[in-house]
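>>> Return a 3D structure for these sequence lines:
(2 chains)
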Protein chains: 2
Amino acid sequence: MRGGIDLGGTKIQAVVIDESDSVAGQARRSTPRDGGPADVADAIAEALEEAAGGTPAALTGIGVGSPGTVNEATGTVANARNLPNWTNPFPLGETLASRFGVPVRVGNDVGTAVEGEAVLGAGRSFRTFLGLWWGTGVGGAIMVEKHRWLGRGAAGEIGHMVIKLGGAKCTCGRRGCVEAYAGRAAMERKARRDQKHGVETRLFALMDEHGHDQLTSSVWQHALDEQDAYAEKLIERAIRALGAGAASAVNLIDVEAVVVGGGLGTRLGEPGVARIREAMLPHLFVDDRPPEVRLSELGDLGGAISAARLAPVKL
Amino acid sequence: MRGGIDLGGTKIQAVVIDESDSVAGQARRSTPRDGGPADVADAIAEALEEAAGGTPAALTGIGVGSPGTVNEATGTVANARNLPNWTNPFPLGETLASRFGVPVRVGNDVGTAVEGEAVLGAGRSFRTFLGLWWGTGVGGAIMVEKHRWLGRGAAGEIGHMVIKLGGAKCTCGRRGCVEAYAGRAAMERKARRDQKHGVETRLFALMDEHGHDQLTSSVWQHALDEQDAYAEKLIERAIRALGAGAASAVNLIDVEAVVVGGGLGTRLGEPGVARIREAMLPHLFVDDRPPEVRLSELGDLGGAISAARLAPVKL
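Sure, this is the predicted structure:
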């Protein structure tokens, strides 16, 4: 049995998988908003213990998909903007290894999830594809023959491709990035600002009704289900940005396919993917053979399953 | 001796190179504006004969770098938007082969030139780099270990990455592409429109004084030398677009370097490259180790020399 953690800005998803990569147990926690890296590590451990159903001793290894700057060699994580007070490098791998007494490998969250899709999911039939991970931020990964194209180590940042010079301020501090329009965090920031200025929307009422304190992917889905005009407008704006960014990426690297995942990507599902596909068309330079655009197949648990596959198998 | 042709929207550059890739002769013609592919092929043949100095019989093979859709297997070229009436496939390779009685290979113009830089020029010390070809249009090529990354065959179209959603109309018919701001053709179109509306600029007077009938790269350089405020404004606008496009590309593929070539890129030289480097900085996601940004080294003859290298060497 291997344990896998998908560490996100909103939630921590833990799974336990068996030798054939099937899910044997899973648990979910909200990501702590306060405290620091040690508190996040505690929440991870609790989620993993719950996923292991009281028998964490059966785990032979653990893999973690983490945001921020991940040092895969040492298992430290730094600059995780969506996690509390997590700027300096924190030995996440070591902390979990000493708690569970098994080897731990830490990888980049989006890269790990997209690698999972390449082997087990929507990317498995493509020689080359782009993973487009639409969640709190917008991440990406370029896959070539089941391997991630890393460049000098940081390739895949489709969320920070510029699609509107001088445009909206991004969570990264720059302007006009895809993420400034399509990242869940940026969308929430805009919605709160617009609400203050009197815009009408059920988004925040739905958030309260469903017991959330932020505009989670499920809140956006509820608002779309209710045909909330403002929510629809912001989602359309996000999809236009994703379409322009994904088409720009395809014009540059001409991959066979785009696989859409991430919290919002997974939540909006096939209808969302169809809209992204449509939004790419006006910008594709070679427009008579658009790339395939597919929904990720490993779903909500995909990041955690892919992370578990990072862990060494017991021989 | 091998012959090489750089076929551009403005000029046809021919060279003859010897066994050590040194230039033994060269000639230049304006690209015909009227007629069709056969007239362009005639002009190519004349330029090559002149470059060969009356001994075209010494040629063992010919290479052509061509715009448009190039079928490298058959030597046909289609959809060359900047060449006269050249939409349908025309057997350019076959036409030249029967005229000169030697094998002819036709390759993509920008790809061929960037391959030349990878082997002989500014890209030779990099494992991975992006060629950014700034001319009548804006082209590009991604080099990995001296090989072009082709994707499904059309990779490298950095000129058609979207940097301003809903922005200026591009020569390709779409909106907000890099080329809509930075392509020489698009810049000239805008300048002519603005002049009609009374904007003050010496651009068109300089064009006449230097005996041109379009705003060539040298006309732009003259206007910058005179500190023409309007020309400076349009060049700044172009450089902002190139900077955003190149930075977006680096955020996605994280290459070691960007090599700048093309008619305008070569003409504006190191000062232009310094400005592109500067314009990339605000958009680089990993901003503590920007890529190298270098001027192409093969210069004005680079495209033709690189094309000549496509031709088979006589054994």
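
>>> And the residue of the stretch 101-250 of chain A that's closest to chain B?
residue A:151 (2.6 Å; CB to the nearest CB). (C-beta placed from N, C-alpha, C; glycine too.)

>>> So that residue: helix, strand or coil?
Three-state assignment for residue A:151 (DSSP: H, G, I helix; E, B strand; the rest coil): coil.

>>> could you list every residue that touches the closest residue to it other than its chain neighbours?
Nearest residue to residue A:151, sequence neighbours excluded (CB to CB, 6 or more residues apart in numbering or on different chains): residue B:254, at 2.6 Å. With contacts defined as CB atoms under 8 Å, 6 or more residues apart in numbering or on different chains, residue B:254 is in contact with A:150-157, B:286.

>>> Buried members of the residues you listed into PyMOL, please.
Per 16 or more other CB atoms under 10 Å in any protein chain shown, the buried members of the contacts of residue B:254 correspond to this PyMOL selection:
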select buried, (chain A and resi 151+154+155+156+157) or (chain B and resi 286)
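
>>> And the contacts of residue B:254, which is closest to residue A:274?
residue A:156 (23.7 Å; CB to CB).

>>> Quick check: residue A:75 vs residue A:45, distance?
15 Å (CB to CB, to the nearest Å).

>>> oh, I was asking about residue A:211
For residue A:211, the distance to residue A:45 - CB to CB - is 25 Å.

>>> of these two, who's got more company?
Taking other CB atoms under 10 Å in any protein chain shown, residue A:211 and residue A:45 do not tie; residue A:45 has more neighbours (21 against 6).

>>> What pLDDT does the model give the more buried one?
Listed pLDDT for residue A:45 reads 97.

>>> Doesn't it belong to a helix?
Yes - counting by three-state DSSP, residue A:45 falls inside a helix.

>>> excluding its backbone neighbours, what's nearest it?
Residue A:45 sits nearest to residue A:99 (CB to CB, 6+ apart), 5.4 Å away.

>>> and the one you found, how many neighbours?
Neighbours of residue A:99 using other CB under 10 Å come to 17.

>>> Model confidence for it, exactly?
95.

>>> in what helix or strand does it lie?
Counting by DSSP states H and E, the element that carries residue A:99 is helix A:92-100.

>>> by how many degrees do whatever helix or strand comes next after that helix and helix A:92-100 diverge?
Elements were assigned by DSSP H and E; along the chain past helix A:92-100, the next helix or strand is strand A:104-108. Per axes from the mean of the first three to the mean of the last three CA atoms, to 10 degrees, the angle that strand A:104-108 makes with helix A:92-100 is 150 degrees.

>>> what residues are up against residue A:118?
A:124, A:129, A:143, A:146.

>>> Quick check on those: which are buried?
Buried by 16+ other CB under 10 Å: A:129, A:143, out of the contacts of residue A:118.

>>> so which of the contacts of residue B:254 comes closest to residue B:195?
Looking across the contacts of residue B:254 and measuring by CB to CB, the closest to residue B:195 is residue A:157, at 40.4 Å.

>>> Could you pull up the residues touching the closest residue in space to residue A:308 that isn't next to it in sequence?
In space, and not counting its chain neighbours, residue A:308 is closest to residue A:4: 2.6 Å by CB to CB, 6+ apart. Neighbouring residues of residue A:4 by CB under 8 Å, 6+ apart: A:14-17, A:62-65, A:304-311.

>>> Now, these that are in helices?
A:304-308 (DSSP state H).

>>> top of those by neighbour count?
Neighbour tally across the ones in helices among the contacts of residue A:4 (other CB under 10 Å): the maximum, 35 neighbours, falls on residue A:304.

>>> separation between that residue and residue A:14?
From residue A:304 to residue A:14 the distance is 6 Å (CB to CB).

>>> Pull the contacting residues for the one residue sitting closest to the centre of chain A.
Compute the mean C-alpha point of chain A, and by CA atoms, centre = their mean the closest residue is residue A:262, 3.8 Å away. Residue A:262 is in contact with A:110, A:132-135, A:138-139, counting by CB under 8 Å, 6+ apart.

>>> Take the residues you listed and write them to a markdown table, including secondary structure, distance to residue A:175 and neighbour count.
Shown next, in a markdown table, are the contacts of residue A:262 (DSSP: H, G, I helix; E, B strand; the rest coil; distance: CB to CB, whole Å; neighbours: other CB atoms under 10 Å in any protein chain shown):
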| residue | secondary structure | distance to residue A:175 | neighbour count |
| --- | --- | --- | --- |
| A:110 | helix | 22 | 27 |
| A:132 | strand | 21 | 30 |
| A:133 | strand | 22 | 29 |
| A:134 | strand | 20 | 31 |
| A:135 | coil | 21 | 28 |
| A:138 | strand | 15 | 33 |
| A:139 | strand | 19 | 26 |
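
>>> Okay then, goodbye and thanks.
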